[in-house]
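# Quick one, what's the 3D model for this:
(2 chains)
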There are 2 protein chains.
Amino acid sequence: MIARADCEALDWADPLRPFRDRFELPPGVIYLDGNSLGAMPKAARARMGAVLDQWSRDLISSWNIHDWIDLHERVGAKIGRLIGAGAGETIVADSTSINLYKVLNAALDLRPGRRVIVSERENFPTDLYMAEGVIAGRAPGHQLRLVDADGVMDALRDDVAVVMLTHVNYRTGRMYDMEAVTRAAQAKGALVIWDLAHSAGAVPVDLTGANADFAIGCGYKFLNGGPGAPAFLYAAARHHAGMRPVLSGWFGHAAPFAFEPSYRPADGIVKMAVGTPPILSLAALEAGVDVMLDASQDALRAKSLQQAEVFAALMEQELAAHGFRAASPADPAQRGSQLCYDHEQGWPIMRALIARGVIGDYRAPNILRFGFTPLYLGFTELWDAVAILRDIVQTRSWDKPEHHARARVT
Amino acid sequence: MIARADCEALDWADPLRPFRDRFELPPGVIYLDGNSLGAMPKAARARMGAVLDQWSRDLISSWNIHDWIDLHERVGAKIGRLIGAGAGETIVADSTSINLYKVLNAALDLRPGRRVIVSERENFPTDLYMAEGVIAGRAPGHQLRLVDADGVMDALRDDVAVVMLTHVNYRTGRMYDMEAVTRAAQAKGALVIWDLAHSAGAVPVDLTGANADFAIGCGYKFLNGGPGAPAFLYAAARHHAGMRPVLSGWFGHAAPFAFEPSYRPADGIVKMAVGTPPILSLAALEAGVDVMLDASQDALRAKSLQQAEVFAALMEQELAAHGFRAASPADPAQRGSQLCYDHEQGWPIMRALIARGVIGDYRAPNILRFGFTPLYLGFTELWDAVAILRDIVQTRSWDKPEHHARARVT
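Modelled structure (predicted):
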């Protein structure tokens, strides 16, 4: 039996507790959707003010004197430290979708003669959409081979150029064994692209240890980089020489300000940059990443797992026999930083939760998704969230029409 | 003979003068480089604060309750009004380079069997680089045919699929007759892409009147959208049905939040969006566009031409026989909102100017570029700028080493 006082005790003992003060969080809200949009670090406000000062005061010179020109490389390197990349293997640029387009093309170029992209049927849709676009633009015969998560290993035949997977599934939280899948794919001559959207800042990632080829990911979830924050891109150094960017813009040129008449790619990861990066959004991302870098990734993982354990136990304790079916892997080692439940009233229940200040997420058809962001989420909040959920279910208050207007979250 | 008092009188008579108060400008600086990075509207500061409040308080719900989800369409529509686009023909997305990639591919798809892209040798380099990347990714035989500005009409042969031109040349300010070039190209069966980087907010543009096919442009120059502001994309409505986006991301999907397994493009211009847009940078862009929308484009053009006339007259009056050669077209109708001069000491002179607070731009090999931004630039500033330039030239003070450290502007 877990009492509220037990959760309060966990909060007092939590070594990450001081990080909560580094975020601006609204009163009366329990935020279980930091895996959609991370909360705002207080430093983001000061940082935006500083960049606005630079812009207004130093105008064009700011590109040099405030190092805007290197910002995408600097923030990329910082994210690289969070995901076990080597120096010069990560950069911030564009969106996750566009970065996927770049590395998919690069990987296919590195495997001429092979024409199959393997991915998971339940991958995040935009990844599949982008792959369709890549295929449409390449020679006939290229194809996307979609399999279930359990079928990835069996799909690794000799025609596979690229395996493109999201490390932690956006809906179920299921997490692949990055090292094992990478090794198996490479043994068959394929390259692997990991989408780290729900991994970076959420679970320990060691791209170097896993011998990863390529990775991409987004800045606005667990990295707390702000709405639509620019995305990141990783390419193992061994692939740099062979990558010819398909999006060959001036920021990826070896000498962007020499205004040479022809494209000549930069040597390293910088060649994967394209156009002028959005400095305001990029600076906000840096503020988020800086907070994350101050925390131990192992401590974050330990608290994340503990929060999931407490949440699952509370769901069992308070809501057994109310129709919630766990939709995430039972084994914590196979799970990211979220828990999902299937319920036939999933959407009205989530709507009612949101109306009462418990912000989770809903994914069709029936999935309620609860994300754990150990930097700023407390154990007592989990207790309160489940208590509110129990109240909603016991009173069937999800039918109340006054909830409908407030809860338009997608 | 133009005296400083004459310029003061012009400032007093200037109907656009009140707009200067809507910008935060540093004291002691004469800014003649708003065509590289526009100045900061005061509204940008309040707007950033508001978006940060939304993010921190309403978190994920902000996408709906603060209409972040439509922001790229709304700002796109506003920019559309500045460039004579019809409703639903413009969107804000990504960078200028990436938008060029999208419309180049769309245009080539619409002209199967033709494999030549015509452009100008002196086009802004990233446009040429992106075209090289597009060509490398398409069937053999595609090629970039580069000509001088005067040779565009002669290059319009039957094999031309696309004419890709920057309306106002970034270095010389030379401006094409958009309507005439478009008509000639279309008469030969080609489509035309206009890069409006130095046009939007700088000169009147009437895409509808010119029967333009496609256009792209950037938000951080005359639109004052902030460093690296997202870019815009225009496609004439008649092409929408035939465009299949090569960058097929979820923000361009007909139902992005239905999470369908396959890509299905949205009906209109929205299909050209790709990933989640950077909301902070996008909101700052809206602040800049809103100021621009309050001004009459005709009044802006009139003042721009008058500023160029005054500046040219002052250069003649004060600096004749000092080695400055006008490098912009003499005919104002063939010029954007800038004047360029060629001088064999171009770089050290610009360095010295910047050290004394006159911020112009330098473009290799010898071009001094002075941009006129009538929203916030006064006539008296022009007089003072030329006076400082005269002093530098007469005293040969460009050789002074103390200037070199401060002036690292690219």
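# Only C-alpha atoms from now on, for both contacts and neighbour counts.
Noted.
# for chain A, what spans make up the helices?
Remark: helices assigned in chain A by DSSP state H are A:4-13, A:42-58, A:62-65, A:71-82, A:96-110, A:125-136, A:178-187, A:237-240, A:279-293, A:297-319, A:346-355, A:379-395, A:402-406.
# taking the mean pLDDT, what do you get for the last one?
Spelled out, it's helix A:402-406. Mean per-residue pLDDT for helix A:402-406: 52.
# and if you look at the fourth one?
Regarding helix A:71-82, the rounded mean pLDDT is 98.
# re the thing from before, okay if I get the helices of chain A as CSV plus distance to B:Gln338 and mean neighbour count?
Shown next, in CSV, are those (distance: least, C-alpha to C-alpha, whole Å; neighbours: other C-alpha atoms under 10 Å in any protein chain shown):
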stretch, distance to B:Gln338, mean neighbour count
helix A:4-13, 61, 15
helix A:42-58, 21, 19
helix A:62-65, 21, 18
helix A:71-82, 29, 22
helix A:96-110, 34, 24
helix A:125-136, 40, 23
helix A:178-187, 54, 17
helix A:237-240, 40, 16
helix A:279-293, 25, 24
helix A:297-319, 52, 18
helix A:346-355, 53, 22
helix A:379-395, 59, 18
helix A:402-406, 51, 14
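# would you list those helices in a markdown table and tack on distance to B:Tyr31?
Shown next, in a markdown table, are the helices of chain A (distance: least, C-alpha to C-alpha, whole Å):
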| stretch | distance to B:Tyr31 |
| --- | --- |
| helix A:4-13 | 54 |
| helix A:42-58 | 10 |
| helix A:62-65 | 13 |
| helix A:71-82 | 24 |
| helix A:96-110 | 35 |
| helix A:125-136 | 42 |
| helix A:178-187 | 52 |
| helix A:237-240 | 40 |
| helix A:279-293 | 21 |
| helix A:297-319 | 46 |
| helix A:346-355 | 49 |
| helix A:379-395 | 52 |
| helix A:402-406 | 47 |
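# Quick check: which ranges of the stretch 301-410 of chain A have low pLDDT?
Filtered on pLDDT under 70, the stretch 301-410 of chain A yields the residue ranges A:401-410.
# among the helices of chain A, which is nearest B:Tyr362?
Of all those, helix A:62-65 sits nearest to B:Tyr362, with 14.6 Å by C-alpha to C-alpha.
# Only C-alpha atoms, please: export the closest one in PDB.
Taking C-alpha atoms only, helix A:62-65 is exported to PDB below (Å, rounded to 0.1, in the frame of the first residue of the first chain):
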ATOM      1  CA  SER A  62      26.300  39.500 -33.700                       C
ATOM      2  CA  TRP A  63      27.000  36.600 -36.000                       C
ATOM      3  CA  ASN A  64      30.600  37.000 -35.200                       C
ATOM      4  CA  ILE A  65      30.900  38.700 -31.900                       C
END
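# How about it and chain B, any contact?
Yes: judged by C-alpha under 8 Å from any C-alpha of the partner chain, helix A:62-65 and chain B are in contact via A:63-65.
# quick one on the thing from earlier: which one, of the helices of chain A, ends up nearest to B:Met40?
helix A:42-58 (5.2 Å).
# measure stretch A:195-214 end to end?
Terminal residues of stretch A:195-214 are spaced 9 Å apart (C-alpha to C-alpha, to the nearest Å).
# Quick one: neighbours of the residue nearest to A:Val92 when sequence neighbours are not counted, just the number.
Excluding its sequence neighbours, the residue lying closest to A:Val92 (C-alpha to C-alpha, 6 or more residues apart in numbering or on different chains) is A:Phe232, at 4.2 Å. Counted with other C-alpha atoms under 10 Å in any protein chain shown, residues neighbouring A:Phe232 total 28.
# related to what we said a few turns ago, what is the nearest of the residues of helix A:62-65 next to chain B to B:Asp195?
Here the nearest of those to B:Asp195, counting by C-alpha to C-alpha, is A:Trp63; it sits at 23.0 Å.
# was I right about A:Arg22 contacting A:Arg45?
No: with contact defined as C-alpha atoms under 8 Å, A:Arg22 does not reach A:Arg45; the gap is 11.3 Å.
# A:Pro329 against A:Arg174, yeah?
Yes: between A:Pro329 and A:Arg174 there is a contact at 6.0 Å, judged by C-alpha under 8 Å.
# the more surrounded of the two?
A direct count of neighbours by other C-alpha under 10 Å for A:Pro329 and A:Arg174 places A:Arg174 higher, at 26 against 16.
# Quick check, pLDDT for the more buried one.
As predicted, A:Arg174 sits at a pLDDT of 97.
# give me the number of residues near the residue nearest to it when sequence neighbours are not counted?
Nearest non-adjacent residue to A:Arg174, counting by C-alpha to C-alpha, 6+ apart: A:Arg335, 4.7 Å away. If you count neighbours by other C-alpha under 10 Å, A:Arg335 ends up with 22.
# I'd guessed A:Arg335 sits against A:Gly173; true?
Yes: taking C-alpha under 8 Å as the definition, A:Arg335 is a contact partner of A:Gly173 at 5.3 Å.
# what is in contact with those two at once?
Here A:Arg335 and A:Gly173 have A:328-329 as joint contacts, going by C-alpha atoms under 8 Å, 6 or more residues apart in numbering or on different chains.
# picking that back up, what residues are shared contacts of A:Pro329 and A:Arg174?
Shared contacts of A:Pro329 and A:Arg174 (C-alpha under 8 Å, 6+ apart): A:Arg335.
# Tell me who's in contact with the residue of chain A most remote from its centre.
Each residue of chain A has a distance to the centre, and by C-alpha atoms, centre = their mean the biggest one is for A:Pro261: 37.6 Å. Each residue near A:Pro261 by C-alpha under 8 Å, 6+ apart is listed here: B:121, B:125, B:128-129.
# Check A:Gln54 too.
A:62, A:66.
# can you tell me which of the contacts of A:Pro261 lies nearest to chain A?
B:Tyr129 (4.9 Å; C-alpha to the nearest C-alpha).
# If I look at the residue positioned nearest the centre of chain A, what pLDDT would I see?
When chain A is reduced to its mean C-alpha position, the nearest residue by C-alpha atoms, centre = their mean turns out to be A:Ala197, at 2.0 Å. As predicted, A:Ala197 sits at a pLDDT of 98.
# dump the residue contacts of it.
Under the contact definition (C-alpha under 8 Å, 6+ apart), the residues listed for A:Ala197 are A:166, A:168, A:216-219, A:221.
# ranking those by neighbours, who comes first?
A:Gly219 (32 neighbours).
# Let me see the contact set for it.
A:Gly219 touches A:197, A:225-226, A:228-232, A:285, counting by C-alpha under 8 Å, 6+ apart.
# quick one, domains of chain A?
Under the assignment automatic domain parsing, the domains of chain A span A:4-16+A:296-406, A:46-293.
# Quick check: nearest residue in space to A:Leu37, chain neighbours excluded?
Per C-alpha to C-alpha, 6+ apart, closest to A:Leu37 is A:Lys221, 4.8 Å.
# For the one you found, give me phi and psi.
With angles defined as degrees, to the nearest 10, A:Lys221 sits at phi -100, psi -110.
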